[in-house]
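S.K.: When you get a sec, could you give me coordinates for this:
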Amino acid sequence: MEKFLEFTAHGFNQFFKYTAFANFTVGHLIMIIVALIFIYLAIAKDYEPLLLIPIGFGMLIGNIPFLENANLQIGVYEKGSVLSYLYYGVSHGIYPPLIFLGIGAMTDFSTLLSNPRLVLLGAAAQLGIFGAYTIALFLGYIPQQAAAIGIIGGADGPTAIFLSAKLAPELTGAIAVSAYSYMALVPVIQPPIMKLLTTKKERVIRMKPPRQVSKLEKVLFPIVGLILTTFITPSALPLLGMLFFGNILKESGVTKRLADTAKGPLIDIVTILIGLTVGASTQATTFLTAKSVGIFALGAFSFMIATTGGVLFAKFLNLFLSDENKINPLIGNSGVSAVPDSARVSQVVGLQYDPKNHLLMHAMAPNVAGVIGSAVAAGILLSFFMG
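M.R.: All right, here's what the predicted structure looks like:
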């Protein structure tokens, strides 16, 4: 009887050692709360549910505690686990080009082609990248880490993952979660900055309707765009090549099935995988560090600088434009490449001051320019630091 009791006690202790209760920490609790907040924002507030639900649920999966170093092969950082294999696409920058393929297949560059000067707003918004890079250097991050953190300012999750996987793989999880979080929070972060930096008179500026763009222009754009951008920054070829490839699938008119696959099932599958595994990478024992918290703070700062840069540059351009050609500076926020969410913010804020002033079609020009701009910026940073 004594041996039976001893065996039972040993078995229970062994069982308990492997439960989540025995391995639970305050860090796990913090990350589970963050996960629940993400899921709440997605469902209750409709903030980017296609991103926040996969990331939030991935956080829950990644923060169910388990006995580490027991070769259970369940954690995202454990060699041989299913999550580890799925995370390979994040850590080695495979998923981002596939996302860009889908973005290219669903993006209409007509508004940009009809008013090319608006590309300057997309370029101005990249100021956030280099501003955050500078601050990160002052805070003690090495140049490669600072560059990877700075790209958050472009509000482009795939680009942030692509760059961090190359320059600072140890920070990829924190950078990815930060980038996607701020992409989802565009409707919360941007409006106060836009209203603060503009006057009531500027907010009601009505812009000329965009001109009609021919099919020839639409077909030539991805070819010319690829050559021009990648000759400047060949390092960004995986992103820009797939972006423009997806766009020519759409605009050629003869590959509709391929374009539909790229912008539908393919991008949906990759979004699920990237969101779930990025969320799972927030495993508290590995993820919750001072550097991760610092990245979240720098990401917010970077995002605010990018928004500010776009709005102020629109105001600057207006100094040189006639009244009929002036730009409504509310579309300057859309230079960050959270497509199409930042453009929608321009529309929503504009309608608050003039219910008949529809800015969405104008805002899409700097919005899609921001996608290209963030990829070019990533290529520039890669060429500086990969050596």
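
S.K.: Run through this structure and note the low-pLDDT ranges.
M.R.: Under the criterion pLDDT under 70, the flagged ranges of the chain are 1-2, 4-5, 7, 155, 387.

S.K.: OK, contacts around the spatially most central residue of it?
M.R.: Most central residue of the chain, judged by C-alpha distance to the mean C-alpha position with Cα atoms, centre = their mean, is Gly157 at 2.1 Å. Contacts here follow Cβ atoms under 8 Å, 6 or more residues apart in numbering; on that basis Gly157 touches 51, 99, 176, 179-180, 183, 274. For glycine as for every other residue, the C-beta is placed from the backbone atoms N, C-alpha and C.

S.K.: Drop anything exposed from those residues.
M.R.: Judged by neighbour count, with 16 or more other Cβ atoms under 10 Å as the criterion, the buried members of those are 51, 99, 176, 179-180, 183, 274.

S.K.: Let me have the residues you listed in JSON lines, extended by distance to Phe296 and secondary structure.
M.R.: Below are the buried ones among the contacts of Gly157 laid out as JSON lines (distance: Cβ to Cβ, whole Å; DSSP: H, G, I helix; E, B strand; the rest coil):
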{"residue": "Leu51", "distance to Phe296": "16", "secondary structure": "helix"}
{"residue": "Ile99", "distance to Phe296": "22", "secondary structure": "helix"}
{"residue": "Ala176", "distance to Phe296": "12", "secondary structure": "helix"}
{"residue": "Ala179", "distance to Phe296": "10", "secondary structure": "helix"}
{"residue": "Tyr180", "distance to Phe296": "12", "secondary structure": "helix"}
{"residue": "Met183", "distance to Phe296": "14", "secondary structure": "helix"}
{"residue": "Ile274", "distance to Phe296": "19", "secondary structure": "helix"}
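
S.K.: with the residues you listed in mind, which one is nearest to Ala365?
M.R.: Ranked by distance to Ala365 (Cβ to Cβ), the buried ones among the contacts of Gly157 are led by Met183 at 19.3 Å.

S.K.: Now do the phi/psi pair for the closest residue in space to the closest one that isn't next to it in sequence.
M.R.: With sequence-adjacent residues excluded and distances taken as Cβ to Cβ, 6 or more residues apart in numbering, Met183 is closest to Ala338, at 4.6 Å. Backbone torsions for Ala338, taken as degrees, to the nearest 10, come to phi -80, psi 80.

S.K.: now do the one 10 residues further on
M.R.: With angles defined as degrees, to the nearest 10, Val348 shows backbone torsions of phi -60, psi -50.

S.K.: same deal with Thr289?
M.R.: As for Thr289, its main-chain torsions (degrees, to the nearest 10) stand at phi -130, psi 170.

S.K.: next one: Gly264
M.R.: According to degrees, to the nearest 10, the main-chain angles of Gly264 amount to phi -110, psi -100.

S.K.: just to revisit the earlier point, just send the contacts of Gly157 back as CSV, with distance to Ala22 too.
M.R.: Written out in CSV, the entries for the contacts of Gly157 read as follows (distance: Cβ to Cβ, whole Å):
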residue, distance to Ala22
Leu51, 33
Ile99, 39
Ala176, 30
Ala179, 34
Tyr180, 32
Met183, 37
Ile274, 32
